[in-house]
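Enquirer: For reference, the sequence and a predicted model appear below.
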Amino acid sequence: MAELLTSAQMRAVEQAAIASGSSSGLTLMERAGRAVVDAVFTEWPDLAEGRHRAVVLCGPGNNGGDGFVIARRLAVRGWQVELFLLGDPDKLPPDARRMHDLWAAMGPVRGLAPESAGAGARPDLLVDALFGTGLSRPIPEAAVGAFRAVRERKAGGLRTSPCRVVAVDSPSGLDCDSGEMLLPALPQTAGRAGDVQSVAPAARMSPDVPLPISADLTVTFHKPKLGHYLGHPPMPSGKLAVADIGLADWDRPETLASQPPSAERVRLVGRIQHGAPMPGRMWPGPLLNVPGPGLHKYARGHALVLAGGPGRGGAARLAARAALRVGAGLVTVACPPEAQAENAARLDAIMLRPLADAEALAEMLTDRRLSAVCLGPGLGVGAATAALVAAACASAPRAPAPRAVVLDADALTSFADDPDALFADLHARCVLTPHEGEFARLFPDLAAPARRARGQSKVEACRAAAARAGCTVLLKGPDTVIASPGGAASIHAALYDRAAPWLGTAGAGDVLAGMIAGLLASPQAFASPHPHVEVAAWLHVEAARTFGPGLIAEDLPETLPRVFRDLGL
Ligand SMILES: NC(=O)C1=CN([C@@H]2O[C@H](COP(=O)(O)OP(=O)(O)OC[C@H]3O[C@@H](n4cnc5c(N)ncnc54)[C@H](OP(=O)(O)O)[C@@H]3O)[C@@H](O)[C@H]2O)[C@@H](O)CC1
Ligand SMILES: [K+]
C-alpha cells in the first residue's frame, strides 16, 4: 500500500531533510536530475548507447533546476543538447541558479518561445522541466506553445526515430494535488490529428480533449503525488516511475496495509509497499472473510441482499453472488413476494426470502446473525426504497459491532430530493458506493464541475462527503476514491499497468457492492469499513484484469477463486 503525497507534504519532507543537515537542496536536485537520466535509459535502452539529441525546457523554479542537471549530464555523455529557459535567469531560486550556472559553462541558455523552440531537427528526447510541484496557476501559453513546437519538429536527414518525452516530477500543467491540467485557454485549431480542439481555461474538462502537454514517461521523486493517480485515461504522465532520492529517513513510517489508513496521508490501494509487492497473506489476506479451521458458516457472517420486483432481480442476484464468492458464509436474497418465483429459479446456494416492505425488513433484521445488508441494485427509485434504507440502517445491532449496510444505485438516488434524510439514517458502518452521477445527486456542491471550479480535488470532495454522510464513501471511477468520516482517504487507480477498461460493463457496480457486503459480513471485520472497502475495490479490478477481454459482470464473482489462488491464499 503505497502512500501518495500532496505537494505540501513533499516540500515538508524535503525541508526536514535539509533542516537536518544531512542533505542540501543542491544535493537533492543533483540526485533528482541523475534519477531522471537513469530512468530514461532504463525505459529506452537504445538511448543509453551512443550520442543523441535532446531539447530541455526549463521553468522558473526548482523543476527547471532539475532540467539544468539533466542537460549537463546528457551533454557529458556526448549528447547534443538545446536548452530553453522560461523567465529570467536572475530570478531563479538559488539552487536552480547554481545548476543554471554549471550548465551555462557548457552550453547556451536560450529564451523560451514557440518560434525558437520550433526551429531545428526533431530531437530524440524532449525533457519537460517547466513546472513541477510548485505549479500554482494555469501555465503560460508560451510554455504550451514551445512544448508543442518541439514535438512537431520535423525529423532531420534520414532519422525516423520518435521524439520521446520525459516529464520531470510531473507533466507541466498537472496539478499534483488534484490531477487537473492547469492549461491556458488555447485558440481553436483546425481539426488535424493531435490538435487541441478546445481546452477550457484552467482545466481539462473532458477526457476526450487531447492534451497539449503529456509525457511518455514521468519520473517523480520519493513518492508519487496524488495528481499522478487522479484522472481518466489517457493519463498525461504516460508511464510513472518513482525515483529514490534519499529522503526516506526524513519521512514518517507508513501505516500498515492491513490497518485503517491515517487521516494525514492518502494511500494508493494495492499490494505494493516500500516498492515491492506484499505477499497475499500480508495483504489482502487478513482483511478477507476466509474460513478458519473448524469454523461454522455463521463465523463468516450472513449477508442479506434486497432485490427489486419481477424482472428486475438481476442486479441483486449479481451482488448476492459476489457476496457469497468473496467469503460471506451465507447469503440471502430478499425480494417482493411477486418476484419470488423468478428468483427461486435462478438461485441455489443463495437463500431466498419474501419481503413485502420496510416493516417486514425491520422484523427480518431482528435476526442478529444477519451481519451485513446490501441494498440499491435494481431496487427501484422512490419512497418504498427510502423506507427500506431507513429500516436497514435503524436496525443496526450494537453488539458486537453495528451491522454493515452497503447502499448503492437506487438506494442513493431515492434520496436525490432530500439527501439530508439519508444522512440522518446513516451510521459509521454504512458504505455509500456512488458513481459520479449518483454522487452529484447527493452532494451537488461536491460534484465534479463544482469542485473543479473551486480547485477542489476528488479526494477532498470525497472526504467532505464522508464527513457529511457520517460514513465511508466510495466514489467510483478509473480513479476510485474511498474516504471515511475521520479524514482517512485512499485512491484505487485502475490506471497505468492496472487499467481495466473492460470493467465498464453493465452490472459491474452491483458486483462491487456485493463484494463489499460480503467482506463486511465477517464478524471479524474492523469497526471501520474502510480497509475492507479498499480490498473490495482491489479485488474487483483484479478479477477484471485476471479475466481480461470479453468480461461481463457475471464473470467477476466467478473469477475470484482464481484471484485468491494467485494470491497464494
Ligand atoms: N521537493 C523536493 O524534495 C525536491 C524538488 N525538486 C524539484 O523542485 C520542484 C519544485 O520546485 P518549486 O517549488 O520551485 O516549483 P516549480 O514546479 O519549479 O515551479 C515554481 C515556479 O514556477 C512559478 N510558477 C508556478 N506556476 C506558474 C505559472 N502557472 N506560470 C508561471 N509561473 C509559475 C513560481 O512562481 P510564483 O508562483 O512564485 O510566481 C515558481 O517560480 C519539484 O517539482 C522537483 O522537480 C528536486 O529538485 C529535488 C527534490
Ligand atoms: K515538469
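Expert: Right, received. Where do you want to start? Here the structure is a predicted model, which is why all the values come from computation and not from measurement. Ligands and ions are numbered 1, 2, ... in the order given.
Enquirer: what does the protein put close to ligand 1?
Expert: Contact residues, the chain versus ligand 1 (Cβ under 6 Å from any ligand atom): 10-11, 14, 28-29, 32, 59-66, 93, 131-140, 168-169, 221, 245. Quick note: C-beta positions are derived from backbone N, CA and C, even for glycine.
Enquirer: and if we set it to 5 Å?
Expert: Counting by Cβ under 5 Å from any ligand atom, the chain comes close to ligand 1 at 10, 14, 28-29, 32, 60-63, 66, 131-137, 139, 169.
Enquirer: Can you tell me the closest non-neighbouring residue to Val109?
Expert: By the measure of Cβ to Cβ, 6 or more residues apart in numbering, the closest residue to Val109 outside its immediate chain neighbours is Leu85, 5.2 Å from it.
Enquirer: which among the residues of the chain next to ligand 1 end up buried?
Expert: Neighbour counting with 16 or more other Cβ atoms under 10 Å marks 10, 14, 28-29, 32, 60-63, 66, 131-135, 139, 169 as buried within the residues of the chain next to ligand 1.
Enquirer: Next step: the residues you listed restricted to helices.
Expert: Met10, Glu14, Leu28, Met29, Ala32, Asn62, Asn63, Asp66 (DSSP state H).
Enquirer: Check the offset of the helix or strand of the chain with the lowest mean pLDDT from the chain's centre.
Expert: When each helix and strand of the chain is scored by mean pLDDT, DSSP states H and E, strand 272-273 comes last, with a mean of 86. Averaging C-alpha positions (Cα atoms, centre = their mean, to the nearest Å) puts strand 272-273 15 Å from its chain's average.
Enquirer: List the neighbouring strands of it plus their orientation.
Expert: With DSSP bridges as the criterion, the sheet partners recorded for strand 272-273 are strand 276-277 (antiparallel).
Enquirer: close enough to count as contact, the residue nearest to Val109 and Gly107?
Expert: No. Assessed by Cβ atoms under 8 Å, Leu85 is found out of contact with Gly107, at 11.9 Å.
Enquirer: Between these two, point out the one with more neighbours.
Expert: Neighbours were tallied for Leu85 and for Gly107 using other Cβ atoms under 10 Å; the higher tally belongs to Leu85 (25 against 15).
Enquirer: what's near enough to touch the more buried one?
Expert: Applying Cβ atoms under 8 Å, 6 or more residues apart in numbering to Leu85 gives the contacts Cys58, Pro60, Gly64, His100, Val109, Arg110, Gly111, Leu112.
Enquirer: farthest-separated two in those?
Expert: Greatest spacing in the contacts of Leu85, by Cβ to Cβ: Pro60 and Arg110 (14.7 Å).
Enquirer: one step back: what subset of the residues of the chain next to ligand 1 is also close to ligand 2?
Expert: Checked against ligand 2 using Cβ under 5 Å from the ion, these yield the following neighbours: Gly132.
Enquirer: still on that earlier bit, looking at the contacts of Leu85, which are in helices?
Expert: Under the assignment DSSP H, these contribute Gly64, His100 to helices.
Enquirer: And the buried ones among the contacts of Leu85, selectable in PyMOL?
Expert: The PyMOL selection below is limited to those of the contacts of Leu85 classed as buried (16+ other Cβ under 10 Å):
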select buried, resi 58+60+64+100+109+112
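Enquirer: what's Phe84 in contact with, if anything?
Expert: Val55, Val56, Leu57, Cys58, Val109, Arg110, Gly111, Leu112, Ala113, Ser116, Ala117, Ala146.
Enquirer: Can you tell me how far the residue nearest to Pro336 when sequence neighbours are not counted is from Pro354?
Expert: With Cβ to Cβ, 6+ apart as the criterion, Pro336 has its nearest non-adjacent residue at 5.2 Å, and that residue is Gly309. Distance, Gly309 to Pro354, using Cβ to Cβ, to the nearest Å: 12 Å.
Enquirer: what touches both of those two?
Expert: Overlap between the contact sets of Gly309 and Pro354, as judged by Cβ under 8 Å, 6+ apart, is given by Cys335, Pro336.
Enquirer: quick one: terminal-to-terminal distance for stretch 260-280?
Expert: The first residue of stretch 260-280 is 17 Å away from its last residue (Cα to Cα, to the nearest Å).
Enquirer: Stretch 540-554 now?
Expert: Its start and end residues considered, stretch 540-554 measures 12 Å (Cα to Cα).
Enquirer: which residues touch the residue in the stretch 351-500 of the chain that ligand 2 sits nearest to?
Expert: Taking Cβ to the ion as the measure, the point where the stretch 351-500 of the chain comes nearest ligand 2 is Tyr496, at 17.9 Å. Taking Cβ under 8 Å, 6+ apart as the definition of contact, the neighbours of Tyr496 are Met235, Lys239, Leu240.
Enquirer: possible to save the residues you listed as TSV with neighbour count and secondary structure?
Expert: Compiled in TSV, the contacts of Tyr496 are given as follows (neighbours: other Cβ atoms under 10 Å; DSSP: H, G, I helix; E, B strand; the rest coil):
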residue	neighbour count	secondary structure
Met235	26	coil
Lys239	15	strand
Leu240	20	strand
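Enquirer: Please identify which of these is nearest to Leu125.
Expert: Using Cβ to Cβ, Lys239 is the member of the contacts of Tyr496 that sits closest to Leu125, with 14.6 Å.
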